[in-house]
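>>> build me a model:
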Amino acid sequence: MLQLIWNTIAYSGMAKVMDEAEQKNVLLINTLAVIIILFTLAFTGISVLILPEELQLLPKIPLLYSVLLLGVLWLNGKGLRLLARLYFAMVGMLFMGVMTYLMGAGTSFHFFLFTVILAQFFLFPVHQRGWMYLVGVAALVELAALHIMVPLKSPYLSLDAADVQSISRANIIGSAALTLGFAAYISRIYEVAETYLHLERSKSEKLLLNILPATIVDKLRESPDTIAERFEECTILFSDIVGFTEMSHRMSAVDVVDLLNRIFSEFDDLAEKHGLEKIKTIGDAYMVVGGLPEPDHEHAERVARFALDMLDVIQGYREKEDLPLEIRIGMASGDAVAGVIGKKKFVYDLWGKSVNTASRMESSGLPGRVQVTESTYSLLKGKFQFEERGFVELKGMGQVASYLLLEEATTLDSSLKV
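A predicted model of the protein is given here:
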C-alpha cells in the first residue's frame with residue numbers, strides 16, 4: 001500500500017513525458033519534493049514540542065514550506081514541467097531567505113542555498129540550460145545578499161549566543177552533508193556514464209570490426225580522409241549458391257533467411273579460420289579476399305583451402321537436410337585497389353581487373369566446382385591438384401584459360417596432377 005502511494009506521488013506527470021532524460025528529471029524533482037515535505041513535517045513536530053512559546057513562530061514556516069511544495073507535484077501532474085522546476089527553486093529560495101531573515105545570518109541558515117544552487121544542475125534538462133544557470137546565479141546572489149545584509153543576531157527572536165552557535169553548527173553540518181550528498185550523486189552519475197560509455201564504445205567497436213578490417217578502423221580513427229590502397233598481390237573469391245533463388249520461392253521468408261544465415265555464418269567462421277577478409281554478400285553471393293589489408297604471400301593457398309571448405313559445407317547441407325543445394329566458385333589473383341566508400345553505410349570494397357575476372361570465373365563456372373584463372377593456377381601449382389578445363393568465354397574479356405581446383409596435392413593421387 002505504501003509502495004503504491006509512493007509510486008503514485010513520485011511518478012506524478014511521468015505518463016506525459018516521452019523522453020527518458022526528461023522522465024528522470026521529473027522523477028528527481030518529485031522525489032526531492034516528497035523527501036523535503038516529510039523532513040519539514042518531522043522538523044515541525046519536533047520543534048513544537050521542544051521550543052519555548054516565544055519561538056513557536058519558527059515551526060510554522062517549515063510547515064508552510066511543505067504545503068507550498070505540494071504545488072510541485074500538482075504542476076508536474078498537469079504537465080507543466082518547466083514551471084514545476086522554477087516553482088520548486090523559487091519556493092526553496094524564499095524559505096531560506098525568510099528563515100535567515102528571522103533567525104539572523106549568524107545561524108548560517110542561508111548556507112543551505114548552496115544545495116539549491118547544486119540542485120539546479122540535476123533538475124533542468126540540457127535543453128533548458130539557460131534556466132538552469134539563471135536560477136543558480138539567482139540563488140548565489142541571494143546567498144551573498146543574505147550573508148552581507150542580514151544582521152548576525154535576529155532582531156525578532158530572542159536567541160542567546162549559545163543558541164545561535166548551536167543552530168549555526170547544525171545548519172553548517174546539514175548544508176555540508178547535503179552538499180556532500182550532491183557531490184556523491186555527481187560522482188555516481190559520472191561513474192555510471194563512463195560505464196555506459198565504455199559499453200557503448202565496445203559495442204560500436206565490435207560492430208565496426210564486423211564491417212571493416214581492424215587496420216582500416218585504426219586508420220579511420222587517425223584520419224577522416226579517404227582510405228584507398230593498391231595491393232599488387234591478392235586473391236579474390238566469388239561464390240554463388242546455384243538454384244537458391246528458385247528454391248527460395250518454395251520456402252517461407254523466415255526459412256530462406258534462416259538457411260542463408262546459417263550457411264553464411266559457417267562461411268564467416270571459415271574466413272576467420274583461414275585468415276581471409278570477407279568483403280560482402282549480395283543475395284546468395286559471397287565474396288572474400290586473401291592478401292589484404294595485410295599483405296600475405298600465402299593468399300592464394302588460404303583462399304583455395306577456404307574454397308574447398310565451402311564445398312564441404314554445402315555438401316553437408318545437401319546430405320543432412322536433403323536440400324538441392326550446390327555452389328559455384330570462381331577465383332582470380334592479381335592486383336586490386338581497396339578502400340572505404342560511402343558516407344553513412346560505408347563499406348570496404350575492391351576494384352580492379354582481377355576482381356572482375358574472379359566474378360566472371362564464378363558466373364562461367366560449374367556447379368560444385370572451383371574455377372580459377374591461370375594466374376591463380378600458377379601460384380598454386382605443385383601445392384594443389386587441378387583439372388584443366390581449357391578456355392572459357394568471359395564477358396568483356398574474351399577467351400581465358402581456366403582450371404578446376406580439385407584438392408591439395410598431398411591428399412590426392414599424383415596421377416591427377418596437372
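>>> which residues in this protein form helices?
2-10, 20-50, 57-77, 81-103, 113-123, 129-149, 161-211, 214-222, 244-248, 253-273, 299-320, 353-363, 374-380 (DSSP state H).
>>> for K395, which of those is the nearest?
K395 lies closest to helix 353-363 among those, at 6.1 Å (CB to CB). C-beta here means a position set from N, CA and C on the backbone, and glycine is covered the same way.
>>> which strands and helices sit next to that closest one?
strand 228-242, strand 326-341, strand 370-373, strand 384-394, strand 398-408 (3 or more CB pairs under 8 Å, 6 or more residues apart in numbering; DSSP states H and E).
>>> give me that answer again for 10 Å
Applying 3 or more CB pairs under 10 Å, 6 or more residues apart in numbering; DSSP states H and E, we find helix 353-363 packed against strand 228-242, strand 285-290, strand 326-341, strand 370-373, helix 374-380, strand 384-394, strand 398-408.
>>> got the buried residues for the fifth one?
Going back to what we said before, that points to helix 374-380. Neighbour-count burial for helix 374-380, counted by 16 or more other CB atoms under 10 Å, picks out S375, T376, Y377, L379, L380.
>>> for the helices and strands packed on helix 353-363, which one ends up most surrounded?
Mean neighbour counts were compared across the helices and strands packed on helix 353-363 using mean count of other CB atoms under 10 Å; the top stretch is strand 370-373, at a mean of 28.
>>> ok now that one, how far from the chain's centre?
43 Å (CA atoms, centre = their mean, to the nearest Å).
>>> counting by contacts, list what that strand packs against.
With contacts taken as 3+ CB pairs under 10 Å, 6+ apart, strand 370-373 sits against strand 228-242, helix 299-320, strand 326-341, helix 353-363, helix 374-380, strand 384-394, strand 398-408.
>>> report the angle between the first one and helix 299-320.
To tie it back to what came earlier, the one meant is strand 228-242. Put simply, strand 228-242 runs at 20 degrees to helix 299-320, going by axes from the mean of the first three to the mean of the last three CA atoms, to 10 degrees.
>>> alpha carbons only: can I get strand 228-242 in PDB?
Extracted in PDB, the C-alpha atoms of strand 228-242 (Å, rounded to 0.1, in the frame of the first residue of the first chain):
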ATOM      1  CA  ALA A 228      42.400   3.700 -50.600                       C
ATOM      2  CA  GLU A 229      45.300   1.400 -51.200                       C
ATOM      3  CA  ARG A 230      46.700  -0.600 -54.100                       C
ATOM      4  CA  PHE A 231      47.700  -4.200 -53.500                       C
ATOM      5  CA  GLU A 232      50.000  -5.800 -56.100                       C
ATOM      6  CA  GLU A 233      49.200  -9.400 -55.000                       C
ATOM      7  CA  CYS A 234      45.900 -10.800 -53.700                       C
ATOM      8  CA  THR A 235      43.400 -13.500 -54.500                       C
ATOM      9  CA  ILE A 236      39.700 -12.800 -54.800                       C
ATOM     10  CA  LEU A 237      36.900 -15.400 -54.500                       C
ATOM     11  CA  PHE A 238      33.300 -15.100 -55.600                       C
ATOM     12  CA  SER A 239      30.700 -17.700 -54.900                       C
ATOM     13  CA  ASP A 240      27.000 -18.200 -55.700                       C
ATOM     14  CA  ILE A 241      24.600 -20.800 -54.500                       C
ATOM     15  CA  VAL A 242      23.100 -22.400 -57.600                       C
END
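>>> now that strand, how far from the centre of its chain.
Distance, stretch centre to chain centre, for strand 228-242: 33 Å (CA atoms, centre = their mean).
>>> and stretch 79-92, what's buried?
R81, A84, R85, L86, Y87, F88, A89, V91, G92.
>>> residue contacts, the fifth one?
Neighbouring residues of Y87 by CB atoms under 10 Å, 6 or more residues apart in numbering: I29, A33, L68, L69, G71, V72, W74, L75, N76, L80.
>>> which non-adjacent residue is nearest the fifth one?
Here the nearest residue to G71 in space, its sequence neighbours aside, is Y87; by CB to CB, 6 or more residues apart in numbering that works out to 5.8 Å.
>>> what do you get for G106?
L152 (3.7 Å).
>>> so how far is E194 from the most centrally placed residue in the chain?
For the chain, the residue sitting closest to the mean C-alpha position, by CA atoms, centre = their mean, is E200 at 3.4 Å. Separation of E200 from E194 (CB to CB, to the nearest Å) stands at 11 Å.
>>> and for A139?
29 Å.
>>> do V256 as well
As judged by CB to CB, V256 and E194 stand 43 Å apart.
>>> and the pLDDT at N261?
With respect to pLDDT, N261 has a value of 90.
>>> these two touch, right, F95 and V67?
No - using CB atoms under 10 Å, F95 is not in contact with V67, being 11.3 Å away.
>>> who has more neighbours out of those two?
Neighbours of F95 and V67, each counted by other CB atoms under 10 Å, are more numerous for F95; the result is 22 against 12.
>>> quick check: closest non-adjacent residue to that one.
Spatial nearest neighbour of F95, chain neighbours left out: Y65 (4.5 Å); criterion: CB to CB, 6+ apart.
>>> the one you found contacts M93, doesn't it?
No - here Y65 lies out of contact with M93, judged by CB under 10 Å, at a distance of 11.2 Å.
>>> follow-up on the earlier one: quick check: of the buried residues of stretch 79-92, which lies closest to V337?
R81 (55.6 Å).
>>> got the phi and psi for S252?
Dihedral pair for S252: phi -70, psi 160, per degrees, to the nearest 10.
>>> picking up where we left off before, V256 and E194 - which one has more neighbours?
With neighbours defined as other CB under 10 Å, V256 and E194 compare such that V256 has more, 17 against 10.
>>> and the closest residue to that one other than its chain neighbours, how many residues sit next to it?
Distances taken as CB to CB, 6+ apart place S248 nearest to V256, at 4.5 Å, with adjacent residues excluded. Here the number of neighbours of S248 (other CB under 10 Å) works out to 18.
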